[in-house]
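# Return atomic coordinates for the entry below.
(one chain, ligands or ions: 2)
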Amino acid sequence: MTMTQSEIYQELKKCVKCGACMAVCPIYRQTGREEMVARGKLNLIEIIHNNRELPEAWIEAVDHCLLCCSCEENCSKEVKITEVIAAARIHQTEIKGLNKVKKGAFALLKNRIFSIAKFVKLGSLVQWILWRRLPRHSGLVRRLPLPGIDENMVVPILPRRNLDDILKKRKINPQLPSLLFFPGCATRYLQPQMGLDLIFVLEQLGFNPIVPTEFNCCGMVTWGAGDAATNTQLKEGNLKVFNDNAQVKTVVTGCASCGHALKEYDNLPQECEILDISEFLFRHKEKLEQLVAGRNLTRKITYHDPCHLRKGQGITKEPRWLLKLIAGENFIEMRHPERCCGAGGTFGLTHKELSRKILKEKTDAADATGAEIVTSGCPGCLLQLTEGAVVADSSWQTEHPLSLLAELLRNS
Ligand code: SF4
Ligand code: SF4
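Numbering: from 1, shown residues only. Ligands and ions are numbered 1, 2, ... in the order given. Next up, the predicted model:
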């Protein structure tokens, strides 16, 4: 995932300046600025790359990208645009360093003493001082004015017990075929119920999901921020876990970004296969169809394609098959389900205004379906969509498709 200098130049030379990337770039759609689209960014990167002087226009162009892969999906020359932009961010970090907030946040991802787990537990004790529960949605908004945080910004309710804590007393059945479950940070620390839902579904299908507590963050966020050193450290930790469990060949995740990142790892153990949960379930469709046995959720459901699932991994039919299985005729497509929701890792936090404009297209599309639930296979997208519902005063809820499936199976 980290490119060498000559690989970067090879990619830059592949661009024929056709402009096909303009039609799909969410940043360009909002700003109308050439330097914000892939063609313009690549042009600037080609001129400036290798220099130690980075003009503001270069920094702005490299910074204004969701790494959503929309341009790559539309590029007939198959330029690895997001990898080039990530490499440019690494170059910028080497010269200017990381900003303090990202530096502090990434330290939590690799620090075993004051870890993200401890940070979240501490936060769960004090969160109610500054935040209040949303009446109609899952999440919190600020109680009082806070610097840099607007009144509609939604943060998740921090749980006292994370997924690792909850699973300590879990009884497993070693007779069943095992697979590794990579929960990702959002599921592990912020939304453990999503992880429990996924484990429940896998057990219903007759599998024994193993969830090693040694897993690190997948590294997507550090890669996107240009922190190559932390990214390498996180990846090496995960590769060690994969190698220590090399007898287990299948790794499943319910997070689109984690799946996209893990599939890009070099040196995965031989025959180790990373699968999004929708891919895995699709391979076991007969068994799952038997379990569901024609029952449907009665609420109207629509679906947002996570960029890292659709454009990063090419997965579109599997989640739709799953949602039709869960909801039948109550599954309705929204217009432009493929368009980015504007979350883009930390982009939604660092470029709030622009991110909200991109999000508005998505919430308008969701509103137009009349759906009661908006689903997506990415915890980051779900949080962004919840914020969109709050800003737009929409009544729909957000759910991972797996949680809906678990609900259906539990109620049978
Ligand atoms: S679509 Fe690809 S080849 Fe065409 S301008 Fe964009 S990056 Fe270059
Ligand atoms: S990755 Fe997304 S935001 Fe970045 S240039 Fe490509 S289309 Fe635009």
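# what packs against whichever helix or strand residue 327 is part of?
Applying DSSP states H and E as the criterion places residue 327 in helix 317-327. Helix 317-327 sits against helix 277-283, helix 285-292, strand 301-303, helix 401-410, with contacts defined as 3 or more C-beta pairs under 8 Å, 6 or more residues apart in numbering; DSSP states H and E. Backbone N, C-alpha and C define where each C-beta goes, glycine included.
# Just confirm yes or no for the helix or strand following it near ligand 2.
Next along the chain after helix 317-327, taking DSSP H and E as the criterion, comes helix 347-350. No. Against ligand 2, helix 347-350 shows no contacts by C-beta under 6 Å from any ligand atom, the least distance being 8.5 Å.
# hang on, isn't residue 80 packed against residue 69?
No. Counting by C-beta atoms under 8 Å, residue 80 sits too far from residue 69 to count as a contact (9.9 Å).
# Could I get the contacting residues of the closest residue to ligand 2 within the stretch 101-250 of the chain?
With C-beta to the nearest ligand atom as the measure, residue 224 is the residue of the stretch 101-250 of the chain nearest to ligand 2, at 10.3 Å. Shown in contact with residue 224 (C-beta atoms under 8 Å, 6 or more residues apart in numbering): 67, 86, 89, 344, 345, 346.
# from the chain's centre, how far out does the host helix or strand of it sit?
If you go by DSSP H and E, residue 224 is part of helix 220-225. Centre-to-centre, helix 220-225 and its host chain are 11 Å apart (C-alpha atoms, centre = their mean, to the nearest Å).
# Need the CA coordinates for that helix. PDB is fine.
Only the C-alpha atoms of helix 220-225 are listed here, as PDB (Å, rounded to 0.1, in the frame of the first residue of the first chain):
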ATOM      1  CA  MET A 220      -6.600   2.500   7.100                       C
ATOM      2  CA  VAL A 221      -6.900   5.800   9.000                       C
ATOM      3  CA  THR A 222      -3.100   6.100   9.500                       C
ATOM      4  CA  TRP A 223      -2.500   5.300   5.800                       C
ATOM      5  CA  GLY A 224      -5.000   8.000   4.800                       C
ATOM      6  CA  ALA A 225      -3.300  10.500   7.100                       C
END
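# Pull the following helix or strand past it out as PDB, backbone CA atoms only.
Using DSSP H and E, the helix or strand that follows helix 220-225 in sequence is helix 228-244. C-alpha atoms of helix 228-244 as PDB (Å, rounded to 0.1, in the frame of the first residue of the first chain):
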ATOM      1  CA  ALA A 228       3.600   5.600   7.300                       C
ATOM      2  CA  ALA A 229       5.500   4.600  10.500                       C
ATOM      3  CA  THR A 230       2.300   3.900  12.600                       C
ATOM      4  CA  ASN A 231       0.700   2.200   9.600                       C
ATOM      5  CA  THR A 232       3.600  -0.200   9.200                       C
ATOM      6  CA  GLN A 233       3.600  -1.000  13.000                       C
ATOM      7  CA  LEU A 234      -0.100  -1.700  13.000                       C
ATOM      8  CA  LYS A 235       0.100  -3.900   9.900                       C
ATOM      9  CA  GLU A 236       3.000  -5.900  11.300                       C
ATOM     10  CA  GLY A 237       1.000  -6.500  14.500                       C
ATOM     11  CA  ASN A 238      -2.000  -7.800  12.500                       C
ATOM     12  CA  LEU A 239       0.200 -10.000  10.200                       C
ATOM     13  CA  LYS A 240       1.700 -11.600  13.300                       C
ATOM     14  CA  VAL A 241      -1.900 -12.500  14.500                       C
ATOM     15  CA  PHE A 242      -2.700 -13.900  11.100                       C
ATOM     16  CA  ASN A 243       0.600 -16.000  11.100                       C
ATOM     17  CA  ASP A 244       0.000 -17.200  14.700                       C
END
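# what about the helix or strand just after helix 228-244, average pLDDT?
Once the chain leaves helix 228-244, the next helix or strand it forms, by DSSP H and E, is strand 250-253. The pLDDT scores in strand 250-253 average 98.
# And what about the residue in the stretch 251-400 of the chain that ligand 1 sits nearest to, helix, strand or coil?
The nearest approach of the stretch 251-400 of the chain to ligand 1 comes at residue 311, 13.4 Å away (C-beta to the nearest ligand atom). Counting by DSSP: H, G, I helix; E, B strand; the rest coil, the backbone at residue 311 sits in helix.
# shaky segments in the protein?
Counting by pLDDT under 70, the chain has low-confidence residues at 1, 48-50.
# need the strands for it, in chain order.
Assigned by DSSP state E, the strands in the chain fall at 131-133, 140-142, 178-181, 208-210, 250-253, 273-276, 301-303, 373-375, 397-399.
# And for the closest residue to residue 133 other than its chain neighbours, the neighbour number?
Leaving out its chain neighbours, the residue that sits closest to residue 133 by C-beta to C-beta, 6 or more residues apart in numbering is residue 140, at 6.0 Å. By the criterion of other C-beta atoms under 10 Å, residue 140 has 19 neighbours.
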